[in-house]
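Peer 1: Need coordinates for the following:
(one chain, ligands or ions: 2)
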Amino acid sequence: MGHKRKLEFVTPSRRYEIEIGDSLLELSGRWAKKCLGAAAKRVVVVSNLTVYALYGETVTTSLTASGFVVSHWLMKDGERFKTLASAEKLLEFLSHENIQRTDAIIALGGGVVGDLAGFTSAIYLRGIEYFQIPTTLLAMIDSSVGGKTGVNSAFGKNLIGAFHQPKGVLIDIATLETLPQRELTAGFCEMIKHAAISGTALLKKTDELLRKLEFDQNTEFQISNFRSEIAELIAANIAFKTKIVANDERENINKTSPKSRKILNFGHTLGHALEKVTNYRYLKHGEAVGYGILFAAELSKTLDLCGEKDVKLLNDVLHRVGPLPRLANIDEQEVFEAFRSDKKNVAGSLQMILLKGIGKPVIISANEIPHSAIRKVLKRFLQKWS
Ligand SMILES: NC(=O)c1ccc[n+]([C@@H]2O[C@H](COP(=O)([O-])OP(=O)(O)OC[C@H]3O[C@@H](n4cnc5c(N)ncnc54)[C@H](O)[C@@H]3O)[C@@H](O)[C@H]2O)c1
Ligand SMILES: [Zn+2]
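Peer 2: Ligands and ions are numbered 1, 2, ... in the order given. Down below sits the predicted model:
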């Protein structure tokens, strides 16, 4: 099978296409023209120095060839720059460049660039169009699709944001070849998150690819030999996410069914807490989610929701993504307190996404779980990974 895939994303607010393939950056101009129509004259490429140095010229050349007037704005590289202060600088740039409501933004980069560019597009002139060209595995399968945008603040991660769907998503899998190995690991963790809540078919497919890539301490993922399989798996992940989001675009707080968008937060309760207590500097988001998946599975087992076999299976698959940084010197009390500020709190109670088995997520209020059980599992977990 070739590398090309086309998926459609349909929500109550919008319908857009997600194109997956090889060497698509060269065609980004034609693609943007097709999606935007003739009225758009100007586009602003939002990226960071790292990604722009690699792919900025290809994208800009293609956009210019399709008749756009192109400018670019680059943020500093890193999660800690996904802030209101960066968004404000971008807003000033857009205004200075006289960007109009008929113009558009192109987010070229990972989830940090995509979230910041998407958020700024949502608020500039009360909303202009934007495109996602994700260049990390995590952004390809998760953050570029679904319309959640936002920035971090002193009081927590992603607590300021907006729902704003892109006009289109262009995934050039060739860009994965320059991605550092740790970032691939992080992306695979989010893939396993999808698989754990989707079902055994996706978990098996993910496991098969990870076995082929054969990561071990001495080698690197050899992704260039498996482009077709990677494209297929990315498509399967997006198909799963879009199905969930289509039915619950704005994550209705009252929804507690296993089809709620909330289930996509599986692994994120501990994940976000670990990111917070390590000041967002030690772990990659996806790595923190990797730990979060294992913790949620462990807790599910302790509460007799999920059997030993499924927990082992998740551990085995996660083992294939490459090493996660150890959790030494992490204070259990601090992690526990970080749970409380998690945005999955509804009416004062944390909502935890647990598993009744692979593909069987449940949303449970932490009030219904004895705190002592959470503390016990957490303590054991942090010791095991320290
Ligand atoms: N909006 C959503 O629904 C959603 C979902 C999941 C995650 N997120 C957010 O996504 C962010 C994490 O995204 P991420 O993991 O992509 O991190 P990231 O954007 O920080 O990118 C990781 C690193 O890879 C570099 N990079 C990107 N593409 C590259 C390439 N092709 N070659 C070489 N280097 C490259 C970046 O410069 C960066 O240093 C977090 O802020 C998280 O909150 C959002
Ligand atoms: Zn995530």
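Peer 1: Can you get me a residue count around residue 195?
Peer 2: Residues lying near residue 195 (other Cβ atoms under 10 Å) number 26. The way it works is simple: take the backbone N, C-alpha and C, and place the C-beta from them, glycine included.
Peer 1: so what's it scoring on pLDDT?
Peer 2: Residue 195 is assigned 98 on the pLDDT scale.
Peer 1: tell me what whichever strand or helix holds it is packed against?
Peer 2: Per DSSP states H and E: residue 195 is located in helix 181-198. With contacts taken as 3 or more Cβ pairs under 8 Å, 6 or more residues apart in numbering; DSSP states H and E, helix 181-198 sits against helix 137-138, helix 200-213, helix 227-247, helix 285-302, helix 308-319, strand 349-355.
Peer 1: Report whether it contacts ligand 1.
Peer 2: Yes: using Cβ under 6 Å from any ligand atom, helix 181-198 reaches ligand 1 at 183, 186.
Peer 1: about what we covered before: same list, the helices and strands packed on helix 181-198, but as CSV with mean neighbour count and distance to ligand 1 please.
Peer 2: Formatted as CSV, the helices and strands packed on helix 181-198 follow (neighbours: other Cβ atoms under 10 Å; distance: least, Cβ to the nearest ligand atom, whole Å):
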stretch, mean neighbour count, distance to ligand 1
helix 137-138, 28, 4
helix 200-213, 17, 17
helix 227-247, 19, 9
helix 285-302, 24, 4
helix 308-319, 17, 17
strand 349-355, 21, 15
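Peer 1: could these be laid out in JSON lines, adding distance to residue 340 and mean pLDDT?
Peer 2: Compiled in JSON lines, these are given as follows (distance: least, Cβ to Cβ, whole Å; pLDDT from 0 to 100):
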{"stretch": "helix 137-138", "distance to residue 340": "26", "mean pLDDT": "98"}
{"stretch": "helix 200-213", "distance to residue 340": "31", "mean pLDDT": "94"}
{"stretch": "helix 227-247", "distance to residue 340": "26", "mean pLDDT": "94"}
{"stretch": "helix 285-302", "distance to residue 340": "16", "mean pLDDT": "97"}
{"stretch": "helix 308-319", "distance to residue 340": "26", "mean pLDDT": "96"}
{"stretch": "strand 349-355", "distance to residue 340": "7", "mean pLDDT": "89"}
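Peer 1: how about the ones you listed in CSV, adding distance to residue 220?
Peer 2: Output for the helices and strands packed on helix 181-198, formatted as CSV (distance: least, Cβ to Cβ, whole Å):
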stretch, distance to residue 220
helix 137-138, 14
helix 200-213, 9
helix 227-247, 15
helix 285-302, 17
helix 308-319, 17
strand 349-355, 31
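Peer 1: Of these, which is nearest residue 123?
Peer 2: Comparing those by their distance to residue 123 (Cβ to Cβ), the top pick is helix 227-247, with 21.1 Å.
Peer 1: buried ones in the helix holding residue 195?
Peer 2: Buried residues in helix 181-198, counted by 16 or more other Cβ atoms under 10 Å: 182-198.
Peer 1: now that helix, how far from the chain's geometric center?
Peer 2: 9 Å (Cα atoms, centre = their mean, to the nearest Å).
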